[in-house]
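*Asks:* A predicted structure for the sequence below; I have some questions about it.
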Amino acid sequence: MSSPQSAHSGVTARRKKTTNKFMITAIDTSVLMTIARQGERWERWAKALTKAANEGPLVVCCVVFGEFSQGYRKPEMALQHLHSLHIHYDPIQPLTAQMAYRDFMRSRKEPHMLPYHLIGAHASFQADRLAVDSMGDPRQFFPMVDMLFC
Amino acid sequence: MTFQIPDTLVLCGIAVGVESPCKIPSKHPAIIDVTKPKPGDPRIPSPKKCSALHRGYLAKWEIEEDGRLFLTSLSGQFYLEESPLLADWVKATFQIPVGEVDETLTEKARYETIREYCLELRVHEGTVTQWRLVKEGSKDTRWNEGFDWATIKVAMEEVGIGAEWQPERYEAPKRFENQDYANLAEESAALLRLARSGEKGAEKVISLDAWKELRKGWADPFPDLDVLAAVRTFRGHGPSQENHK
């Protein structure tokens, strides 16, 4: 696994701190799965994301959408369900992709770390915080991203 | 095969559609088979055929609170001379799908509607002897002895049936056109632009109940793994043994 020190260091260095009063919240697959399964903490997450939606848009990047939509037979069903909850599909922009790969190349280049770099870069560049669940300590995967815990 | 019209079972006062559990005994003295020629009548009966009713009859069953199973009405190939009739010939299992509908099935496969849970009632000589409520796809083999009407009713309500017991009317999902994708993308992009510019209108109010909708139509790709292990599997870590549920 990539060392926490190396991942996203470049992303953070280039990150433009937002001064908006609206907070864009990127959601990780772990949160969507917790809610969809209606497991132990799903109600706490539902309340937290309801509050987050009052503060600004909820978004998922293409990696998270790709993972979560595996539970649906058709992607449009996933898109409809997420859209009904005001969760927006936010594709990764060219700058974000470049930064994600730059950090990935600086790290140990373990292939399984690539999704974390993409999700982390998306949360850093195109959102204000990342909602993550059930990661043990999520900071080992997304060290420099503002987190929404529950 | 065409979707077969189900029999009706009245359980705890609620009528549900069930797959016919057993054949109707055509030689039972209280059951008349209309397809057999009547003595003295020269006409040859010509039973009507229907591809949605290959078994040829529709039955209505009822289970009383003491667990006894009655046949209350028959139509089609048979009719009842006395009603209700204690169904003491039945040695079968009623499988009653309950809970939420699995909406991942395509429109063409709707003849095999799958629900979240299955209430199974094992009937022996006209009396329910065992019952259980199992999750769809579960390999649990435990049965509850007897017929505990109150517990069954509570269990039914817990899985979200009760008054909403009858299958919901199915409406085909709207087919997404390219324009819909474009509209969604445009709407999302406009909202994000709004949020990034700090203007009002980017916030949305979501009701807590709306989150339950996320579960509908979503089939868990890794039901045996906890969330952490499932996400790690998505990302190529491979599941570790300790992360299994």
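*Replies:* It's in. Residues are numbered from 1 along each chain as shown, chains lettered A, B, ... in the order given.
*Asks:* in stretch B:52-68, what counts as buried?
*Replies:* B:53, B:56, B:57, B:58, B:59, B:60, B:61, B:62, B:63, B:64, B:67, B:68 (16 or more other C-beta atoms under 10 Å in any protein chain shown). For the C-beta atoms, the positions are set from N, CA and C on the backbone; glycine is no exception.
*Asks:* check the residues you listed against chain A, which are close?
*Replies:* Among the buried residues of stretch B:52-68, no residue sits close to chain A (C-beta under 8 Å from any C-beta of the partner chain).
*Asks:* For the residue nearest to the spatial centre of chain B, which three-state class applies?
*Replies:* Centroid-nearest residue in chain B, with C-alpha atoms, centre = their mean: residue B:97, separated by 3.0 Å. Put simply, residue B:97 is strand when judged by DSSP: H, G, I helix; E, B strand; the rest coil.
*Asks:* again with residue B:157
*Replies:* helix.
*Asks:* Now do it, the pLDDT please.
*Replies:* As predicted, residue B:157 sits at a pLDDT of 73.
*Asks:* what sits against it?
*Replies:* Contacts for residue B:157 (C-beta atoms under 8 Å, 6 or more residues apart in numbering or on different chains) come out as none.
*Asks:* ok so, going back, excluding its backbone neighbours, what's nearest the residue nearest to the centre of chain B?
*Replies:* Using C-beta to C-beta, 6 or more residues apart in numbering or on different chains and skipping the chain neighbours, the partner closest in space to residue B:97 is residue B:115 (3.8 Å).
*Asks:* next one: residue B:188
*Replies:* Residue B:188 sits nearest to residue A:88 (C-beta to C-beta, 6+ apart), 3.7 Å away.
*Asks:* what's the burial count for residue 100?
*Replies:* Here I'm looking at chain A. 27 (other C-beta atoms under 10 Å in any protein chain shown).
*Asks:* ah, I was thinking of chain B
*Replies:* 17.
*Asks:* next helix or strand past the strand or helix carrying it?
*Replies:* Using DSSP states H and E, residue B:100 sits in strand B:91-101. Per DSSP H and E, the first helix or strand lying C-terminal to strand B:91-101 is strand B:115-124.
*Asks:* where in chain B is pLDDT low?
*Replies:* B:1, B:101-114, B:160-175, B:238-245 (pLDDT under 70).
*Asks:* redo that, cut-off 90
*Replies:* B:1-58, B:64-67, B:73-84, B:89, B:92, B:94-120, B:125-126, B:132-245 (pLDDT under 90).
*Asks:* can you give me the helices in it?
*Replies:* All helices of chain B, identified by DSSP state H, fall at B:149-158, B:178-197, B:227-234.
*Asks:* looking at these, which is buried most?
*Replies:* helix B:227-234 (a mean of 21; mean count of other C-beta atoms under 10 Å in any protein chain shown).
*Asks:* Now distance to residue A:45 too, for the helices of chain B, in CSV please.
*Replies:* Output for the helices of chain B, formatted as CSV (distance: least, C-beta to C-beta, whole Å):
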stretch, distance to residue A:45
helix B:149-158, 22
helix B:178-197, 21
helix B:227-234, 11
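*Asks:* Identify whichever of these lies nearest to residue B:213.
*Replies:* helix B:178-197 (16.9 Å; C-beta to C-beta).
*Asks:* Just the CA trace of the closest one, in PDB.
*Replies:* The C-alpha coordinates for helix B:178-197 follow below in PDB (Å, rounded to 0.1, in the frame of the first residue of the first chain):
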ATOM      1  CA  ASN B 178     -29.300  10.800 -24.900                       C
ATOM      2  CA  GLN B 179     -31.100  14.000 -24.300                       C
ATOM      3  CA  ASP B 180     -31.900  13.000 -20.700                       C
ATOM      4  CA  TYR B 181     -28.200  12.300 -20.000                       C
ATOM      5  CA  ALA B 182     -27.400  15.700 -21.500                       C
ATOM      6  CA  ASN B 183     -30.000  17.400 -19.400                       C
ATOM      7  CA  LEU B 184     -28.800  15.700 -16.200                       C
ATOM      8  CA  ALA B 185     -25.200  16.700 -17.000                       C
ATOM      9  CA  GLU B 186     -26.200  20.300 -17.700                       C
ATOM     10  CA  GLU B 187     -28.300  20.500 -14.500                       C
ATOM     11  CA  SER B 188     -25.400  19.100 -12.400                       C
ATOM     12  CA  ALA B 189     -22.900  21.400 -14.000                       C
ATOM     13  CA  ALA B 190     -25.100  24.400 -13.500                       C
ATOM     14  CA  LEU B 191     -25.600  23.600  -9.800                       C
ATOM     15  CA  LEU B 192     -21.900  23.100  -9.300                       C
ATOM     16  CA  ARG B 193     -21.100  26.300 -11.000                       C
ATOM     17  CA  LEU B 194     -23.600  28.000  -8.700                       C
ATOM     18  CA  ALA B 195     -22.000  26.400  -5.700                       C
ATOM     19  CA  ARG B 196     -18.500  27.400  -6.700                       C
ATOM     20  CA  SER B 197     -19.500  31.000  -7.300                       C
END
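*Asks:* Can you spell out which helices and strands pack onto it?
*Replies:* Applying 3 or more C-beta pairs under 8 Å, 6 or more residues apart in numbering or on different chains; DSSP states H and E, one finds that helix B:178-197 makes contact with helix A:75-84, strand A:87-89.
*Asks:* want to try TSV for these, with distance to residue A:95 as columns?
*Replies:* TSV is the format used below for these (distance: least, C-beta to C-beta, whole Å):
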stretch	distance to residue A:95
helix A:75-84	24
strand A:87-89	18
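*Asks:* If I average pLDDT within each of those, which one is lowest?
*Replies:* helix A:75-84 (a mean of 84).
*Asks:* coming back round to it: in the sheet, who's paired with the residue nearest to residue B:97?
*Replies:* When bridges are called by DSSP bridges, residue B:115 pairs up with residue B:101.
*Asks:* what's the distance between it and residue A:36?
*Replies:* 17 Å (C-beta to C-beta, to the nearest Å).
*Asks:* May I have the predicted confidence score for the residue at the greatest distance from the centre of chain A?
*Replies:* The centre of chain A is farthest from one residue, residue A:73, which by C-alpha atoms, centre = their mean lies 22.7 Å away. Listed pLDDT for residue A:73 reads 76.
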